[in-house]
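J.: kindly generate the corresponding structure for this input.
(one chain, ligands or ions: 1)
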Amino acid sequence: MRLSVIGCGYLGAVHAAAMASIGHDVVGVDVDPRKIDALSRGQAPFFEPDLQDLLTAGIESGRLRFTADIAEASGAAVHFIAVGTPQQSGGDAADLTYVHGSIDALLPHLRPGDIVAGKSTVPVGTAAELAPRIEATGATLVWNPEFLREGWAVQDTIEPDRLVVGVSMNSTAGLPDADGERASEVLRQVYHPAVAAGTPFIVTDLATAELVKVAANAFLATKISFINAMAEIAEVTGADVTQLADAIGHDARIGRRFLGAGIGFGGGCLPKDIRAFSARAEELGRGESVAFLREVDAINMRRRDRAVDLVVDAFGGSVFKKNITVLGAAFKPHSDDIRDSPALDVAVRLHGLGAWVTITDPAALENAQRLHPQLNYVADRDEAIRGADALILVTEWDEYRRELSPEHASTLATGRVVVDGRNGLDASAWRAAGWTYYGMGRP
Ligand code: UGA
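T.: Presented below is the predicted three-dimensional model:
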């Protein structure tokens, strides 16, 4: 099928390449000529395992191209809207400028029968607001949220654990109307390999599809903050939150995943999505229904303070002129994304307290340096550790978590303090090697 993908950021670039890899003829459109230029040369503008290969293969096959001219989207059967919906500056709500801008630009190129499939994360009600303008051209709007995780984006796109398509409904029957029925069938064809493999394909109304996405992210954020709240209790009782997580995680109803206590969640999605959800619920007069999300956000931010306090306390109340090596800058491993990164935030705070901070990260160093040029960046892990008074692990890359032995670190660092902001290190091994180990929510 011919497909267009409007917006070639994280979501769009991966979607375009993944759709070409399953046989579609795809044009990716973006307003940023530098991004288009890089993608057209088969270069991923960000770090994502497997994306580079997929881009190269797609371009070489002739099924994938990128352009800054939205007129080239014309003729596609499905137009995916994959633009960003960042947090508004000065508020919690989502900024929909790019969604409206892309629809405005696309409208003149739509033909009757085309399908516009929104993938961006939007406040519930957005699709209903956009639909009349799209329908006036004879095209149909559906909402098809994306659940990909950075670092696993290619796999999550090609083999998703579920597909959700929100369509227009027949209000009396509560079933898709004729356009909705047709559009959901077209989307089944788009995702044919996943559908054939038995991936759940859930057809809903537009509002439900929009809500599924924010509800999923709200749940994940709540799960992380729940275990971090337990970490706070563990800290005043001498309990160990990692054992607690293992023990409750054996209950299949709870599950161990996303019960990793530490410095909390960050990135371009969870923080802004829970805030936008709260803001939207308040607009709808249901702020109290998701009031707990404010608490989820507050617990999350407190964990960054806690990590900083652990380092400060390790030095008896001041890190002034202490050499602190921060292991990690990305908001999570397998990513160069530093948006709302708890790792970088902790580093910046320590720097603000007068510490001499050195940051290392296998992928995110350039991005971090651009945002915080005042900090010291060292690409080589061992060089970064040399002469350190303390280490703090803030992004659990294997380079630090598995591959850095405490014995080796001892040959490089001057001090013997290690703060494990992700509870990713083997505490007993570090202690046995003479280090004073501090975990998050661990004795
Ligand atoms: C998240 C969701 O997991 C995806 O399903 C969703 O599609 C995506 O947002 C989005 O809306 O686009 P992502 O932001 O890539 O994906 O990252 P996650 O893997 O969810 O991790 C988020 C943060 O939570 C990271 O900072 C991570 O370190 C932290 N985390 C995760 C914990 O602190 N503890 C855990 O147990 C798990």
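J.: going by C-alpha atoms from here, please, whenever you check contacts or count neighbours.
T.: Will do.
J.: any idea how far the residue of the stretch 101-250 of the chain found nearest the ligand is from Val83?
T.: Going by C-alpha to the nearest ligand atom, the ligand is nearest to Phe147 of the stretch 101-250 of the chain, at 3.1 Å. Distance, Phe147 to Val83, by C-alpha to C-alpha, to the nearest Å: 15 Å.
J.: looking at those two, which has the bigger crowd around it?
T.: More neighbours surround Val83 than the other of Phe147 and Val83, with 26 against 21 (other C-alpha atoms under 10 Å).
J.: what about the nearest residue to the more buried one once chain neighbours are set aside, distance to the ligand?
T.: Excluding the flanking residues, the one nearest Val83 by C-alpha to C-alpha, 6 or more residues apart in numbering is Gly7, at 4.6 Å. To the ligand, Gly7 is 14 Å away according to C-alpha to the nearest ligand atom, to the nearest Å.
J.: residue contacts, Gly7?
T.: For Gly7, the contact set (C-alpha atoms under 8 Å, 6 or more residues apart in numbering) comprises Ala13, Gly28, Val29, Asp30, Val31, Ile81, Ala82, Val83, Gly84.
J.: from those, which would you call buried?
T.: With burial judged by 16 or more other C-alpha atoms under 10 Å, the buried subset of those is Ala13, Gly28, Val29, Asp30, Ile81, Ala82, Val83, Gly84.
J.: closest one to the ligand out of those, please.
T.: Closest to the ligand, out of all of those and judged by C-alpha to the nearest ligand atom, is Gly84, at 9.8 Å.
J.: could you measure from the closest one over to Leu206?
T.: 19 Å.
J.: can you check Arg111 too?
T.: Taking C-alpha to C-alpha, one finds Arg111 at 21 Å from Leu206.
J.: compare these two and say which is more crowded by neighbours.
T.: Leu206 (24 against 17).
J.: so the more buried one sits against Val142, correct?
T.: Yes: using C-alpha atoms under 8 Å, Leu206 is in contact with Val142, at 6.9 Å.
J.: for these two, list the residues in contact with both.
T.: With C-alpha under 8 Å, 6+ apart, Leu206 and Val142 have common neighbours Ala127, Val165, Gly166, Val167, Ser168.
J.: which ones among those residues map onto strands?
T.: Val165, Gly166, Val167 (DSSP state E).
J.: show the contacting residues for the residue of the stretch 101-250 of the chain closest to the ligand.
T.: Contacts of Phe147 by C-alpha under 8 Å, 6+ apart are Asp156, Pro160, Lys213.
J.: what does stretch 408-427 contact?
T.: 242, 260-263, 307, 310-311, 314, 382, 385-396, 401-402, 433-440.
J.: and the worst-scoring helix or strand of the chain on mean pLDDT, how far out from the chain middle?
T.: One helix or strand of the chain scores below all others by mean pLDDT, DSSP states H and E: strand 169-170, with a mean of 92. Centroid separation for strand 169-170 versus its chain: 33 Å, with C-alpha atoms, centre = their mean, to the nearest Å.
J.: and stretch 60-76, by the same measure?
T.: On C-alpha atoms, centre = their mean, the centre of stretch 60-76 falls 26 Å from that of its chain.
J.: got the CA coordinates for it in PDB?
T.: Extracted C-alpha coordinates of stretch 60-76, given in PDB (Å, rounded to 0.1, in the frame of the first residue of the first chain):
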ATOM      1  CA  GLU A  60      17.700   0.700  -1.200                       C
ATOM      2  CA  SER A  61      14.500  -1.200  -1.900                       C
ATOM      3  CA  GLY A  62      13.000   2.000  -3.400                       C
ATOM      4  CA  ARG A  63      10.000   1.600  -1.000                       C
ATOM      5  CA  LEU A  64      11.100   4.400   1.500                       C
ATOM      6  CA  ARG A  65      11.800   8.000   0.800                       C
ATOM      7  CA  PHE A  66      11.700  11.300   2.800                       C
ATOM      8  CA  THR A  67      10.700  14.700   1.700                       C
ATOM      9  CA  ALA A  68      10.000  18.200   3.100                       C
ATOM     10  CA  ASP A  69       7.200  18.700   0.500                       C
ATOM     11  CA  ILE A  70       3.900  17.500   1.900                       C
ATOM     12  CA  ALA A  71       2.300  17.600  -1.600                       C
ATOM     13  CA  GLU A  72       4.200  14.300  -2.100                       C
ATOM     14  CA  ALA A  73       1.900  12.700   0.500                       C
ATOM     15  CA  SER A  74      -0.800  12.900  -2.100                       C
ATOM     16  CA  GLY A  75      -1.800   9.500  -3.500                       C
ATOM     17  CA  ALA A  76      -1.200   7.600  -0.200                       C
END
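J.: next SSE downstream of the least confident helix or strand of the chain?
T.: strand 175-176 (DSSP states H and E).
J.: where does the prediction get shaky in the stretch 1-150 of the chain?
T.: Along the stretch 1-150 of the chain, segments meeting pLDDT under 70 are nowhere present.
J.: residue ranges of the strands in it, please?
T.: 2-6, 25-29, 64-67, 78-81, 115-118, 140-143 (DSSP state E, counting those that start in this stretch).
J.: pLDDT at the nearest residue to Gly434 once chain neighbours are set aside, what is it?
T.: Leaving aside its chain neighbours, Gly434 sits nearest to Arg416 (6.9 Å; criterion: C-alpha to C-alpha, 6+ apart). Looking at Arg416, its pLDDT is 98.
J.: picking up where we left off before, filter the contacts of stretch 408-427 down to the ones near the ligand?
T.: Of the residues in the contacts of stretch 408-427, proximity to the ligand by C-alpha under 6 Å from any ligand atom holds for Gly260, Ala261, Gly262.
J.: I'd say the last one and Met440 touch.
T.: Yes: counting by C-alpha under 8 Å, Met440 is a contact partner of Gly262 at 5.5 Å.
J.: can I get the shared contacts of Leu206 and Val142 in CSV including distance to Arg63 and neighbour count?
T.: CSV is the format used below for these (distance: C-alpha to C-alpha, whole Å; neighbours: other C-alpha atoms under 10 Å):
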residue, distance to Arg63, neighbour count
Ala127, 29, 22
Val165, 25, 25
Gly166, 27, 27
Val167, 28, 29
Ser168, 31, 26
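J.: and the furthest pair within those residues?
T.: Ala127 and Val165 (12.1 Å; C-alpha to C-alpha).
J.: so what sits against both of those two?
T.: Common neighbours of Ala127 and Val165 (C-alpha under 8 Å, 6+ apart) are Val142, Trp143, Leu206.
J.: now render those as CSV, adding distance to the ligand.
T.: Output for the shared contacts of Ala127 and Val165, formatted as CSV (distance: C-alpha to the nearest ligand atom, whole Å):
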residue, distance to the ligand
Val142, 18
Trp143, 14
Leu206, 18
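J.: need the residues of the stretch 201-350 of the chain near the ligand, please.
T.: 217, 224, 258-262, 264-270, 331-332.
J.: and if we set it to 5 Å?
T.: Phe258, Leu259, Gly260, Gly264, Phe265, Gly266, Cys269, Phe331, Lys332 (C-alpha under 5 Å from any ligand atom).
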